[in-house]
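what follows is a protein structure lacking sequence information:
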């Protein structure tokens, strides 16, 4: 069984000697120079990985990472320090380092810490993968390997791995709030190489979430492996992608990466309060086609991006970002929500205790529309259909964003035809979203495989989208082709 | 800041866990330990935004039992935690399967003496927060003052790091070294009356303070780059010569080095497989990896397995010289380690380059552009569009359009694409202007043709 928040608090107290009194003492040091707010983020993370290649277990790994990150806020400036040593002395020294952001000397009022409970439980698990016998996990990897090899005779290599972690976090703040969370995370990966007549093509696939071994009840290792094998073999027939601006149909699910890049990052409040985002000062304005409604939602059951509480101790929730094309709200962390005088939205996240929190996405998706997905393809004379991706990036200031397509097809005369080789697409956020001319009724969330990077910090996220038609995105292929249109 | 200049703690820590592993019955084992003190100061619009300072410490252990290997790491270095880590490693190794190639480095290749690589700047541990603050302020101020159209800032950061790395193994290797680094980074926004914002960043990163670019120069460069992108628009789809500015060319060197990884070769996941000693690039192109350049960020006395670092030519006058190896992949492919193993505490050695250099040519950057009637001067690449297996390259880009031999208007929201083998073959000019960016040095490069996708 996974830990309840009360179990986590008990764990810190009994195993690590971190209790309310210790936290109060460290907070007193943190506020010793008059900072306006202080917060302690304790993290205890056990992670493991198993990798399987050449049809055998190649390596096994386990790691323990624990420590506390101490943040002192003075206005909108912060002092930050962390220590892996959870002795009271070491924590107080780190607190004194973080306290230097403030320049006062007055004695702060003593903090009275109270453990708070909350009722949400978005990823309770009966059998954490971290306490599952390794032999059982090896068996899953072996099944994946065999299934990929059996899929097609050209599959020359299969690499499979399983990575899991259990993280116990405890957040204690100078406003007296103390909350805890137990956050499991599992990911299963398969990579396949197809080799045919000397031509090599590869593909990766995988999934997971905040789940234990129950993930495999709905996702067999065979199905994940066959998907990787299918994509690798498909690439053997892929032809050069066209170069130029064309209509693009995004398949439901992983294409949500477009939203993550086109609007997601640009709606993180830190960039907006600083005026460096192309969405700054645009609340209430149209930023997308009226067909577009976008939500960031930490509440999805067991999703990779879900959290019960964010890394600043706020309850995480469901936040409407764009409603029928109109910008509704930014994603907030503590400093930004103070700036905007709004309630924190529960988006303050961080990679680990070594990092200060920032506004980050959780699971970001577009809500379902009215269109028949197949009809969206039929509306395109010549364009691209995108299904699987390797990643994306955005420049939040000028709004340009890219995403790399690893499974894509040409659309010719309303039909999906030949697969195309890996190709990058580039667009400008508000421009591309204003060109959304059709939204399917088939909203789908990606399986848990995405990790988002920002300012050197990685956090797990989810993305989702229904089938969507965009009337024009620049496609970075190598095949010159001029003149392309789209019928209504 | 009260950091000691050189810590013996990592060596003691690594030796302690290694002894525990041997006592527990590990046949072969190695241990790595790292401590690092990192401090940074960020300002934005000339106000202090963030100060951070911490010392991190962790230890990792690899055990090999009958060809079965496992790795563990912990940031809790109490005896109880180390004991648990050793026990876990021994248990995990039982689950792994026999791999005849698993093992430590060949002791004959390991370092026996410590060369003078000038990795440590004694000034850096002595710096106080005021110095970092002053440098960050000066850097941003210079960017803000550069032009009235510099309207906003993403901030400027000055950071320093003092690290010690130790590696010990059961063949008797025991080595440790300390190094320092300092870096400065700034991002600013330029804005014109139409409200369109264009941003750019610039940075400098070195092992010693005296080698860092001047704070004011870093700021001015960021400002100039933001300003020259004002008014950028999409180009029209075409096939044209593409000039890679030195910073972009440095990224290309990194891609070549990634494709030259012996692990990628083993996985057959590189377009360079089976092309050793073939002419894969223009004869103008020479790329060298060197782990022993004095004072450079990619230098170290020995690699993550204790093997002596060295110079490895990757491409010599267009001919691919060979792959980079750690000991494991070298054994799998009947090759020798090239001293290219990198080791974090948390895993097996990984292959990577030391300092990468694209050798400078003889053509001035102005001359390289002067020949071009219509082309792209590439200053920004975005995204992940490199397929190492096929060599397919398709990435988002921005830059400046070249007209009649001169830099003309800025462009953005375009893609550049090609296949890396063709692209390397199409390099028809190499600049004389090689410049260091962290651990990579590169000059301006010109490719005779790439596909540019736009409107």
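Yep, that arrived. What you are looking at is a predicted structure, and each value in this text was computed from that prediction instead of being measured. Residues are numbered from 1 along each chain as shown, chains lettered A, B, ... in the order given.

whichever residue of chain B sits closest to chain A sits in which helix or strand?
Residue nearest to chain A within chain B (Cβ to the nearest Cβ): residue B:415, separated by 2.6 Å. C-betas here are computed from N, CA, C, even on glycine. Using DSSP states H and E, residue B:415 sits in strand B:406-419.

am I right that residue B:49 is in a strand?
Yes. Assessed by DSSP: H, G, I helix; E, B strand; the rest coil, residue B:49 belongs to a strand.

number of residues surrounding it?
Neighbours of residue B:49 under the rule other Cβ atoms under 10 Å in any protein chain shown: 20.

Provide a list of residues in contact with it.
Going by Cβ atoms under 8 Å, 6 or more residues apart in numbering or on different chains, residue B:49 touches A:76, A:77, A:78, B:42, B:43, B:155.

which non-adjacent residue is nearest it?
Excluding the flanking residues, the one nearest residue B:49 by Cβ to Cβ, 6 or more residues apart in numbering or on different chains is residue B:42, at 4.6 Å.

pull up the pairing partners for the host helix or strand of the one you found, direction included.
Secondary structure assignment for residue B:42, by DSSP H and E: strand B:28-44. Next to strand B:28-44 in the sheet, as set by DSSP bridges, lie strand B:47-65 (antiparallel), strand B:150-169 (antiparallel).

could you check how far residue A:81 is from residue A:381?
Separation of residue A:81 from residue A:381 (Cβ to Cβ, to the nearest Å) stands at 59 Å.

buried sites along the helix or strand in which residue A:338 is found?
Here residue A:338 sits within helix A:334-340, counting by DSSP H and E. Using 16 or more other Cβ atoms under 10 Å in any protein chain shown as the test for burial, helix A:334-340 gives A:334, A:335, A:336, A:337, A:338, A:339.

so in terms of bridging, what pairs with residue B:313?
So, taking DSSP bridges as the rule, residue B:313 has residue B:288 as bridge partners.

do you know the pLDDT at it?
With respect to pLDDT, residue B:313 has a value of 98.

which parts of chain B are helices?
B:9-23, B:79-95, B:123-126, B:129-145, B:215-228, B:246-259, B:262-266, B:327-332, B:365-370, B:420-425 (DSSP state H).

surely residue A:299 and residue A:123 touch.
No. The criterion here is Cβ atoms under 8 Å, and residue A:299 misses it with residue A:123 at 10.7 Å.

got any ranges where chain A has weak pLDDT?
Low-confidence segments of chain A, defined by pLDDT under 70: A:105-108, A:482-488.

quick one, longest helix in it?
From DSSP H, the single longest helix across chain A is helix A:134-151.

and chain B, what are its domain boundaries?
Domain assignment for chain B by automatic domain parsing gives B:9-226, B:232-455.

redo those as TSV? Include distance to residue A:70.
Below are the domains of chain B laid out as TSV (distance: least, Cβ to Cβ, whole Å):
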stretch	distance to residue A:70
domain B:9-226	9
domain B:232-455	23
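
so which of those is nearest residue A:171?
domain B:9-226 (18.3 Å; Cβ to Cβ).

what distance separates that closest one from the centre of its chain?
12 Å (Cα atoms, centre = their mean, to the nearest Å).

same question for stretch A:158-173.
Relative to its parent chain, stretch A:158-173 has a centroid offset of 13 Å by Cα atoms, centre = their mean.

give me the neighbour count for the nearest residue to residue A:120 once chain neighbours are set aside.
Using Cβ to Cβ, 6+ apart and skipping residues adjacent in sequence, the residue nearest residue A:120 is residue A:308, 5.2 Å away. Residue A:308: 24 surrounding residues under other Cβ under 10 Å.

these two touch, right, residue A:476 and residue A:242?
No. Using Cβ under 8 Å, residue A:476 is not in contact with residue A:242; the gap is 9.5 Å.

who has more neighbours out of those two?
Each of residue A:476 and residue A:242 has its neighbours counted (other Cβ under 10 Å); residue A:476 has more, 33 against 25.

who's the closest spatial neighbour of the more buried one, skipping the chain neighbours?
Nearest to residue A:476 is residue B:415, by Cβ to Cβ, 6+ apart, at 2.6 Å.

also residue B:104?
Nearest non-adjacent residue to residue B:104, counting by Cβ to Cβ, 6+ apart: residue B:169, 5.0 Å away.

how close does the nearest residue to residue B:349 once chain neighbours are set aside sit to residue A:432?
Closest residue in space to residue B:349, ignoring its immediate chain neighbours: residue B:341 at 3.7 Å, by Cβ to Cβ, 6+ apart. Distance of residue B:341 to residue A:432, given as Cβ to Cβ: 43 Å.

quick revisit: if I look at the residue nearest to residue A:476, what pLDDT would I see?
Residue B:415 is assigned a pLDDT of 97 by the prediction.

beta-bridge partners for it, please?
Bridge pairing for residue B:415 - DSSP bridges - gives residue B:396, residue B:453.

what does the stretch 351-488 of chain A put close to chain B?
Counting by Cβ under 8 Å from any Cβ of the partner chain, the stretch 351-488 of chain A comes close to chain B at A:354, A:356, A:390-393, A:395, A:397-398, A:400-404, A:421-428, A:474-478, A:480, A:482.

give the ChimeraX command for selecting the buried subset of those residues.
Only the buried members of those enter the following ChimeraX selection, criterion being 16+ other Cβ under 10 Å:
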select /A:354,356,390,391,392,393,395,397,398,400,401,402,403,404,421,422,423,424,425,426,427,428,474,475,476,477,478
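
picking up where we left off before, how about the contacts made by the residue nearest to residue B:104?
So residue B:169 contacts B:18, B:28, B:29, B:30, B:31, B:104, B:105, B:305, B:306 (Cβ under 8 Å, 6+ apart).

what sits against the spatially closest residue to residue A:327 that is not a sequence neighbour?
Among residues not flanking residue A:327 along the chain, residue A:287 sits closest, at 4.7 Å (Cβ to Cβ, 6+ apart). Counting by Cβ under 8 Å, 6+ apart, residue A:287 touches A:263, A:279, A:322, A:325, A:326, A:327, A:429, A:430, A:433, A:434.

which ones among those residues map onto strands?
Here DSSP state E is the test, and these give A:322, A:326, A:327 as lying in strands.

for those, which one is nearest chain B?
Nearest to chain B among these is residue A:327, at 16.1 Å by Cβ to the nearest Cβ.

count of neighbours near that closest one?
Per other Cβ under 10 Å, the neighbour tally for residue A:327 reads 22.

for chain A, what are the nearby residues on the stretch 151-300 of chain B?
Within the stretch 151-300 of chain B, the positions near chain A by Cβ under 8 Å from any Cβ are B:152-154, B:189, B:196-199, B:229, B:232, B:234, B:237, B:239, B:267-269, B:273.

where do the helices of the stretch 301-450 of chain A begin and end?
With DSSP state H, counting those that start in this stretch, the ranges of helices along the stretch 301-450 of chain A come out as A:334-340, A:373-378, A:429-434.

against which helices or strands is the first one packed?
In this case it means helix A:334-340. helix A:269-273 (3 or more Cβ pairs under 8 Å, 6 or more residues apart in numbering or on different chains; DSSP states H and E).

list the contacts of residue B:347.
Contacts of residue B:347 by Cβ under 8 Å, 6+ apart are A:61, B:60, B:71, B:73.

could you list which of these belong to strands?
A:61, B:60, B:71, B:73.

which of these sit farthest apart?
Checked with Cβ to Cβ, these reach their widest spread between A:61 and B:60, with 9.4 Å between them.

what's the overlap in contacts for those two?
Shared contacts of residue A:61 and residue B:60 (Cβ under 8 Å, 6+ apart): B:71, B:72, B:346, B:347.

and the pLDDT at the last one?
The pLDDT attached to residue B:347 in the predicted structure is 90.

for it, give its distance to residue A:165.
Residue B:347 is 14 Å from residue A:165, by Cβ to Cβ.

need the contact list for residue A:120.
Here residue A:120 is in contact with A:299, A:308, A:315 (criterion: Cβ under 8 Å, 6+ apart).

hmm, back to that, quick one: closest of the domains of chain B to residue A:154.
Among the domains of chain B, domain B:232-455 comes nearest to residue A:154, with 12.3 Å by Cβ to Cβ.
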